[in-house]
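quick one: sequence and predicted model below, then my questions.
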Amino acid sequence: MDKSAIRRALIEERLNLPDRLSRSDQLQRVMRIWLIGRPDAVIGAYWPIKGEFDPLPALHRWKEDGELQGAPQRRQIGLPVVDKTAGTLTFHVWYPGCPMEEDAYAIPKPKDTEVVVPTLLFVPCVGYGAGGYRLGYGGGFYDRTLASLQPRPFTVGLGFGQGFLPDFEPEAHDQPLDAILNDNGVVWPQ
């Protein structure tokens, strides 16, 4: 399995999906429904790149809903900040309009906001397969981060249906996700 070639093909396909906007709308709905009843007060997510699904509108709505409903704890959203030396991620508070700057990979990150520890982490999927395994960009940041976090957050992959890889074979270092959501609903666990 040539993961680099598969990764390139899936990204190109995702960027050219003629119905990507409607798939995004559907995944926003799936995500909002899935979040109902979750006890989490701190959720980690990501800044979308290369045609990825954008989880931030649904999470902002989740945060606002918590404030309107008088949630017992203030809800917070964290975005990743790369520690290039350790090859891991920390999560810093994000909110609409918060100051941003580019990280070492030219991806926007919160500037000078507090570090938070998510109990639920949404992870982008270039591709995904059975067993909760994902294909990312190949840097291993999420795998190393998940292997080191104690307690480990509940992890949920987000991607479009076109990213499903029926023959995906994980490697020994790959960390399985607890769930995967796509524009069709919950695809792992089924």
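Cool, got the structure.

next structured bit after the worst-scoring helix or strand of the chain on mean pLDDT?
Within the chain, no helix or strand scores below helix 141-148, which has a mean of 89 by mean pLDDT, DSSP states H and E. Per DSSP states H and E, the first helix or strand lying C-terminal to helix 141-148 is strand 154-158.

give me the mean pLDDT for that following strand.
Strand 154-158 comes out with an average pLDDT of 97.

one more: stretch 98-116?
94.

list the buried ones in it?
Under the neighbour-count criterion of 16 or more other C-beta atoms under 10 Å, stretch 98-116 has 103, 107, 109-110, 113, 116 buried. Using the backbone N, CA and C atoms, a C-beta is placed for each residue, glycine as well.

again with stretch 75-87
Within stretch 75-87, judged by 16+ other C-beta under 10 Å, the buried ones are 75-82.

and Pro80, how far from Pro124?
Pro80 is 10 Å from Pro124, where distance means C-beta to C-beta, to the nearest Å.

shared neighbours of those two, anything?
Tyr46 (C-beta atoms under 8 Å, 6 or more residues apart in numbering).

I'd say Pro166 and Gly129 touch.
Yes: counting by C-beta atoms under 8 Å, Pro166 sits close enough to Gly129 to count as a contact (7.0 Å).

comparing those two, which residue is more hemmed in?
Neighbours per residue (other C-beta atoms under 10 Å) separate Pro166 from Gly129, with Gly129 holding more: 21 against 6.

beta partners for the more buried one?
Tyr133 (DSSP bridges).
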